[in-house]
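**Student:** I would like the atomic coordinates for the input below:
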Amino acid sequence: MERSLVLVKPDAMQRELGGVVLARLQEKGLKLVGLKMLHLDREFAAEHYAMHTDKPFFSSLVEYITSSPIIAMVLEGEDAIARIRDIMGATDPAKAAPGTIRRDYGESIERNVVHGSDAAETARQEIAHFFPDDELFG
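**Tutor:** Alright, predicted model coming up:
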């Protein structure tokens, strides 16, 4: 079994899409093993996006992710990372396949509703950053 972190981003929270995102993922057979709503501070957000520190969009990314509460969740299943990425769709909603979360609800590359881990090692790091072991069930 593989696990992945999924974040429901501020744009989705502002449009009350948290339940829709969770339902879409669970409908595809992914098991919810961790869930919380939180408002990230700048330090935590900068740590989460540390791989983008040198990129020109880093500051706006941190500003955006800290602009309102988010939902963080951990989902588990066979090939969970790849399956979640398929369900989410391409980062750019305009390029995402029909029926994906980002195509259906995304507004732009930045305001694209959801984040999901991109690889097993990234998932392990991201999950550990957001969830102590005693907050994961399953």
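
**Student:** secondary structure class for residue 13?
**Tutor:** helix (DSSP: H, G, I helix; E, B strand; the rest coil).

**Student:** residues in contact with it?
**Tutor:** 68-71 (C-beta atoms under 8 Å, 6 or more residues apart in numbering). (C-beta placed from N, C-alpha, C; glycine too.)

**Student:** repeat for residue 61
**Tutor:** Residue 61 makes contact with 45, 49, 52, 110 under the criterion C-beta under 8 Å, 6+ apart.

**Student:** and which of the contacts of residue 13 is nearest to residue 79?
**Tutor:** residue 71 (22.6 Å; C-beta to C-beta).

**Student:** Tell me, how many residues neighbour the closest residue in space to the closest one that isn't next to it in sequence?
**Tutor:** In this structure, residue 71 finds its nearest non-sequential neighbour in residue 8, 3.9 Å apart by C-beta to C-beta, 6 or more residues apart in numbering. Neighbours of residue 8 under the rule other C-beta atoms under 10 Å: 23.

**Student:** Quick check: phi and psi on residue 8?
**Tutor:** Main-chain dihedrals, residue 8, degrees, to the nearest 10: phi -90, psi 110.
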